[in-house]
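Asks: Would you be able to build a 3D model of this:
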Amino acid sequence: MVTLSSTIDSAIALAFGEGFVLGGYQFLKYRTAKKKEEHVVKSLLFDVKGLTDKDVQRQNILNEAVFRARDLVNEPQSFLNATEFGRQFNHMGKEAGFRVQVLNKSKIRQLKMGGLLAVNLGSPQPPTFTIMEWKPKNAVNKKPYVLVGKGVVYDTGGMSLKPTPNSMDYMKCDMGGGAAVGGAMYAIAKAKLPLYVIGLVPATDNRPDGDAYVPGDVITMMSGKTVEVLNTDAEGRLILADALHYAKRFKPEQVLEFSTLTGAAAAAIGPQGIVCMGDVDESTRRALHEAGNNVYERLAEFPFWEEYDEMIKSDIADIKM
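Replies: Numbers count the residues shown, from 1 in each chain. Okay, here's the model as predicted:
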């Protein structure tokens, strides 16, 4: 047990507590000596003027949400396939109080999600599409904020196979965007925030089996657009495009998409920040950058130049990727 004294500023105390707790995170599920390795500090007590129980409770919720997301990212694909990913969201929804619906492959086919189905072709495991909803009676927004997260539970690169060292060997983490959305939904609902929020996570693994999609294939997306695939390691764009099109049915106030950094983005800025792009209004843009700076998850904004339209034109389909 650790106790913080009353001489510390409340904001600093809360920040210290957050860092202390998150820094002590462990994933010991698969360690045989977990009892010996487990950290001994179990609680952190505050005796700080100006710090309320509500402040501490909300920080505890945020910490727990981060732990849930980290646990999902650390799980191997041998446990966390697309079906289990949806099951974990169900558990989180029951605990925090938000609604969860997990669509199976048959329903995904009915929705004509060609991108998600194509990426899943080489997998022995079926895909899922998870819809999470938090809609309290006192919500301040009538139109929902929609959070979309990439749920590629394992990415070999498909037929455009990745190299193993420092690449495929950590691709169990390619569902980090989906984990972040699940964690955000957990925190929002657990804290009972007065916001109408929907989370969408398309999930599958990407494998080079006999039926896998290959470079040169043309896919018809849920939107009806046709896509010529030139690299099967660009699978995230395919599954996210279907999810983003699905989001339109909610007539959202705003859509935010989260996914693991692509190689090109990492080459551009390294591990020092987050690449982002979009067409949000200026006040939202400033708020996102400020939030990123506050938690040292800085945003590097990439452009949407018209010349890029020419680069994705296909000779045989609507677009290429």
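
Asks: so what does the top strand by length along the chain touch, helix or strand wise?
Replies: The longest strand of the chain (DSSP state E) is strand 197-206. Applying 3 or more C-beta pairs under 8 Å, 6 or more residues apart in numbering; DSSP states H and E, one finds that strand 197-206 makes contact with helix 82-96, helix 114-120, strand 128-134, strand 145-149, strand 151-155, helix 176-190, helix 235-247. Yep, even glycine has a C-beta here, placed from its N, CA and C like the rest.

Asks: which one of these lies closest to A33?
Replies: Proximity to A33, assessed across these by C-beta to C-beta, is greatest for helix 82-96 (25.5 Å).

Asks: Pull out the buried positions in that closest one.
Replies: Buried residues in helix 82-96, counted by 16 or more other C-beta atoms under 10 Å: 82-89, 92-93, 96.

Asks: Run the angle between it and strand 128-134 for me.
Replies: Using axes from the mean of the first three to the mean of the last three C-alpha atoms, to 10 degrees, one finds that helix 82-96 and strand 128-134 are set 10 degrees apart in direction.

Asks: orientation of helix 82-96 relative to helix 176-190 in degrees?
Replies: Using the same axes, to 10 degrees: helix 82-96 against helix 176-190 is 20 degrees.

Asks: centre of the chain versus helix 82-96, how much separation?
Replies: 14 Å (C-alpha atoms, centre = their mean, to the nearest Å).

Asks: neighbouring contacts of that helix?
Replies: The contact list for helix 82-96 (C-beta atoms under 8 Å, 6 or more residues apart in numbering) reads 68, 72, 80, 98-100, 102, 120, 125-128, 130, 132, 151, 153, 175, 178, 182, 185-187, 189-190, 201, 203-205.

Asks: same question, stretch 227-237
Replies: Here stretch 227-237 makes contact (C-beta under 8 Å, 6+ apart) with 115, 118-119, 150, 152, 155, 157-160, 162, 174, 206, 208, 212-221, 238, 241, 259-260, 262, 314-321.
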